[in-house]
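*Asks:* Pasting the sequence and the predicted model now:
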Amino acid sequence: MRLLLVENSKTMASMILNELMRFEGIEVDWADKMQDALAFIEKNGAENYSLAISCLNLEDAPDGEMIPAITEYQIPIIIFTAKFDDITRDELVQMPGVVDYVVKESQSTLRYLSNMVHRLIANRKIKALVVDDSRTMRMHTSGLLRQYQFQVLEAMDGQEALKILEKNRDVKLIVTDYNMPNMDGFELTKAIRETYAKEELVVIGLSGLDVGSLSARFIKVGANDFITKPFLPEEFFCRITQNIDLIEKTKALVDMATKDFLTGLYNRRFFFEKGVGKLNKLYRDRKPCALAMLDIDHFKSVNDTFGHDVGDEVLKVVSHLLVEYARPDDLVARLGGEEFCILLGDISRSELEVLFERMRAAIEDRHFDSLEDRKFVTTSFGVVIAEGEDLDSLVKAADELLYEAKQTGRNKVSFKD
């Protein structure tokens, strides 16, 4: 991400740069004059700047001329200035392309600026869906979200929105109008909440109707927030940011409780809590299912010979390969040390054989420079097809097959015949 910083104070520019250095993947071009800033844009191309941060008063642009000059290049801009008066602020925040107006008051505002840049970087990986039957309003809302770096999808009504959501299950934000044909915002929100919790997907309702109870009704059916149209872009962005920050922090807390810190796989506790319900549902639906236990062959010698840093590298790479080759609905966990477990549903014996042979081969083919002459590691698998057993029994049976694989040569997949 390339960022343009326009700041006439060397001290302030240094402080901003120090804050931005906390984030990876940012390149900053600093200019203290308007002519130098425009030279950067001409040299590097406006399309290569994701964001600009600019003060208002420069030696060659004392009356804020820098702001419209940057927005003409369609570069989103945060104004960071010591000058504050309501008239100037109101004029500037209404300009297309102005993301925010931040006053230089204290260290806290510098941190606010830094957090906003972080938010805009993170938004580039987030899909948002705008649902509105008014093309004008849909384009306006979508334009604001694109300005805030979101990947934006659009739908004309609730029914179309559900079809788009089915194909884009990684959408994290939906901004929906209330009054739409076919399926209104209430019905859409209720349908979304049948699949997605409020902590997984943000739904923000919109309406131009002046009805006091509308916001409460929206939130009661599952919306995270409500905004009345017309709205100020600044308010819109603050509401969006607050809600996205909240679900990200919630996810981080959930991950801390359910995932292994080193590999990012589910941990032992979560596997047994989640696995029982998953297995019982597969039994109820009469779908074939299986469980695999696996571990890394001679892993102790990796730690003893090359050190725990190399051992951690091997564990992370193997974990990544397990997730890459497993199917999206398979439950993959690290049970401890070099031992992993996978619970699979709706899969035949022949499909299991192909899947685990590909997984085993992919791990063997992955070379590690840090292992020096050894170069690679292998894994052994024990796979059992479920026939009504509980989860603990399946784990025990698969573990016995894993032991058999190790006793008969390692680097192989053992099935219960």
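*Replies:* Arrived safely.

*Asks:* any residues touching stretch 300-316, and which ones?
*Replies:* 262-263, 296, 299, 334, 338, 368, 370-372, 374, 377 (C-beta atoms under 8 Å, 6 or more residues apart in numbering). Yep, even glycine has a C-beta here, placed from its N, CA and C like the rest.

*Asks:* For it, buried residues please.
*Replies:* For stretch 300-316, the neighbour count (16 or more other C-beta atoms under 10 Å) marks 302-303, 306, 310-311, 313-315 as buried.

*Asks:* Just the closest of these to Gly97, please.
*Replies:* Glu313 (44.0 Å; C-beta to C-beta).

*Asks:* any idea of the pLDDT on that closest one?
*Replies:* What the model reports as pLDDT for Glu313 is 96.

*Asks:* quick revisit: just flag the most distant two among the contacts of stretch 300-316.
*Replies:* Arg334 and Glu372 (25.4 Å).

*Asks:* Looking at the two, which one has more neighbours?
*Replies:* Set side by side, Arg334 and Glu372 show more neighbours around Arg334, with 23 against 10, by other C-beta atoms under 10 Å.

*Asks:* Spit out the contact partners of that one.
*Replies:* For Arg334, the contact set (C-beta under 8 Å, 6+ apart) comprises 260, 262-263, 265-268, 315, 319, 340.

*Asks:* Among the buried residues of stretch 300-316, which ones are in helices?
*Replies:* 302-303, 306, 310-311, 313-315 (DSSP state H).

*Asks:* Can you give the domain ranges for this structure?
*Replies:* Split into domains by automatic domain parsing, the chain comes to 2-121, 125-256, 268-415.

*Asks:* Of the contacts of stretch 300-316, which is the nearest to Ala161?
*Replies:* Among the contacts of stretch 300-316, and counting by C-beta to C-beta, the member closest to Ala161 is Thr263, at 35.5 Å.

*Asks:* Secondary structure element holding that closest one?
*Replies:* Here Thr263, judged by DSSP states H and E, is contained in no helix and no strand.

*Asks:* ditto for Glu364
*Replies:* Using DSSP H and E, Glu364 maps to helix 349-365.

*Asks:* next SSE after that helix?
*Replies:* Of the helices and strands lying after helix 349-365 in sequence (DSSP H and E), the nearest is strand 379-385.

*Asks:* For that next one, give me every contacting residue.
*Replies:* 288-297, 318, 349, 352, 356, 359-360, 363-364, 394, 397-406, 410-416.

*Asks:* Tell me which of those fall in strands.
*Replies:* Among the contacts of strand 379-385, the ones falling in strands (DSSP state E) are 289-296, 413-415.

*Asks:* Drop anything exposed from those.
*Replies:* 289-296, 413-415.

*Asks:* among these, which two are most distant?
*Replies:* Applying C-beta to C-beta across these, the maximum distance is between Cys289 and Ile296, 24.8 Å.

*Asks:* picking that back up, got the buried residues of stretch 300-316 as CSV, with distance to Thr189 columns?
*Replies:* Output for the buried residues of stretch 300-316, formatted as CSV (distance: C-beta to C-beta, whole Å):
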residue, distance to Thr189
Val302, 51
Asn303, 51
Phe306, 53
Val310, 50
Gly311, 48
Glu313, 45
Val314, 46
Leu315, 42
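
*Asks:* Make a ChimeraX selection of whichever of the contacts of Arg334 turn out to be buried.
*Replies:* Entered in ChimeraX, the line below selects the buried ones among the contacts of Arg334, by 16+ other C-beta under 10 Å:
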select :260,263,265,266,267,315,319,340
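
*Asks:* Can you lay out the contacts of Arg334 as a markdown table showing distance to Ile70?
*Replies:* Shown next, in a markdown table, are the contacts of Arg334 (distance: C-beta to C-beta, whole Å):
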| residue | distance to Ile70 |
| --- | --- |
| Asp260 | 45 |
| Leu262 | 44 |
| Thr263 | 44 |
| Leu265 | 45 |
| Tyr266 | 46 |
| Asn267 | 47 |
| Arg268 | 52 |
| Leu315 | 47 |
| Ser319 | 44 |
| Phe340 | 51 |
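
*Asks:* Confidence-wise, which helix or strand of the chain is lowest on average?
*Replies:* helix 86-93 (a mean of 79; mean pLDDT, DSSP states H and E).

*Asks:* packing partners for that helix?
*Replies:* In this structure, helix 86-93 makes packing contacts with strand 98-103, judged by 3 or more C-beta pairs under 8 Å, 6 or more residues apart in numbering; DSSP states H and E.

*Asks:* what is the orientation angle of the following helix or strand past the strand it packs on with strand 98-103?
*Replies:* For strand 98-103, the following helix or strand on the C-terminal side (DSSP H and E) is helix 107-123. Helix 107-123 and strand 98-103 are oriented at 160 degrees to each other (axes from the mean of the first three to the mean of the last three C-alpha atoms, to 10 degrees).

*Asks:* Tell me the buried residues in helix 107-123?
*Replies:* Buried residues in helix 107-123, defined by neighbour count with 16+ other C-beta under 10 Å: 110, 112-114, 116-117, 119-121, 123.

*Asks:* got CSV for those residues, with pLDDT and distance to Gly158 too?
*Replies:* CSV is the format used below for the buried residues of helix 107-123 (pLDDT from 0 to 100; distance: C-beta to C-beta, whole Å):
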residue, pLDDT, distance to Gly158
Leu110, 88, 42
Tyr112, 87, 36
Leu113, 90, 38
Ser114, 87, 38
Met116, 87, 32
Val117, 88, 35
Arg119, 89, 28
Leu120, 87, 29
Ile121, 85, 31
Asn123, 92, 24
